[in-house]
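J.: structural data only, the sequence is not supplied:
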């Protein structure tokens, strides 16, 4: 594979992560634009999260018709959806626009890994996974500052149009990328999908979603709420998230250095267990301890997220798009459940119950991986 193709895919990973993450910091601007109560800002992004429920369709389609084709279609949809959303006149059309962006996002996010797993020599997948993780972490880290500055300089419309334009440029450059490296006659069929869903090994690996989706959404969605109720200022809270973001960046280098020595599956198992162990002292609800440990939690958790899709792609190479998108579906379900029930859980039981859910998810994912490896 040409290095330029990998470079464009890393750029695409960066853009998708910025688009996904910027909405949290832009909540005040969005609610002011549409004249709604800031307390309901979370609901403006439910369409984006809900779009993940359709992700398995993209995976099966990609395995059946070719990963590059579906990846590019998703990318062009992602680009056009940004341009539509930037000019959304009402809150409802903004929700529809974010849902449309979500469809493109989920079509692209998992298929980047699937495409690379079918096109890159597996001895290099550890390095490629590290690059993807670094691009994602950088996007999440710079999204709040970048989106805020762009809204100030070129306006709300300019921000979305710019992201759509950059995505379009990447898509045009990927038109000449090689097709994924499997024989068209060996493409995945719908009958094979039904057999895949009955495979005990697939079901065990899909339980990894407990460790991939649940800890992050349980912790990071309510970390800021907990700090605010503990008397921290907005600046201090933003700094705490930046501190945690350093762990996400460091996870890319952990994947790069350690996946070759230990193997991706073993490193994934260690990161899952480490995520759970770091959460345990947080249950004391000492804000200082939680802030200090957040960088370690982010390091362990983002190592988990960075390795889960490549491990699935390596294990189920022919059906990698379908399996990855099935996990994406499960993660989207977790995201919807926590977004809908989290406020009630937090009000009734406090931050400790969300931390407990995060720990439960990490331990469950670790146990599922151990069972999956034993079953191979």
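T.: Received it, and whenever you're ready, just let me know what you need. The shown structure was predicted, so the numbers you read here are calculated from the model rather than taken from an experiment.
J.: got any ranges where this protein has weak pLDDT?
T.: Within the chain, the segments meeting pLDDT under 70 span 1, 24-25, 38-42, 122-123, 180-197, 234, 375-376.
J.: residues making contact with the helix or strand where residue 276 lies?
T.: Element membership for residue 276, per DSSP states H and E: helix 264-282. Contact partners of helix 264-282, identified using Cβ atoms under 8 Å, 6 or more residues apart in numbering, comprise 125-126, 129, 211, 215, 219, 254-255, 258-259, 262, 289-290, 293, 296-297, 300-301, 303-304, 307-308, 310-311, 314, 355, 358-359, 362-363, 365-366, 369-370, 373. Every C-beta, even on glycine, is put in place using the N, C-alpha and C of the backbone.
J.: quick check: next helix or strand after that helix?
T.: Next along from helix 264-282, by DSSP H and E: helix 287-315.
J.: so what does that next one touch, helix or strand wise?
T.: The contact analysis (3 or more Cβ pairs under 8 Å, 6 or more residues apart in numbering; DSSP states H and E) places helix 287-315 against helix 91-119, helix 125-174, helix 200-206, helix 209-229, helix 234-262, helix 264-282, helix 320-349, helix 351-375.
J.: for it, list every residue counted as buried.
T.: Residues 287, 290-291, 293-313, 315 are the ones in helix 287-315 that count as buried (16 or more other Cβ atoms under 10 Å).
J.: and for stretch 363-376?
T.: Neighbour-count burial for stretch 363-376, counted by 16+ other Cβ under 10 Å, picks out 363-369, 372-373.
J.: before we move on, what about stretch 213-232?
T.: Buried, per 16+ other Cβ under 10 Å, within stretch 213-232: 213-224, 226-227, 230, 232.
J.: between the residues you listed, which is nearest residue 113?
T.: residue 213 (15.8 Å; Cβ to Cβ).
J.: quick one: contacts for that closest one?
T.: 330-331, 334-335, 361.
J.: one more time with 6 Å, if that's ok
T.: Applying Cβ atoms under 6 Å, 6 or more residues apart in numbering to residue 213 gives the contacts 331, 334.
J.: repeat for residue 222
T.: Residue 222 makes contact with 346, 351, 354, according to Cβ under 6 Å, 6+ apart.
J.: do residue 300 as well
T.: 271, 274-275, 278.
J.: repeat that with 8 Å
T.: 247, 251, 271-272, 274-275, 278 are the contacts of residue 300 under Cβ under 8 Å, 6+ apart.
J.: sorry, back to before: how far out from the middle of the chain is the helix holding residue 276?
T.: In terms of Cα atoms, centre = their mean, to the nearest Å, the centre of helix 264-282 is set 18 Å apart from its chain centre.
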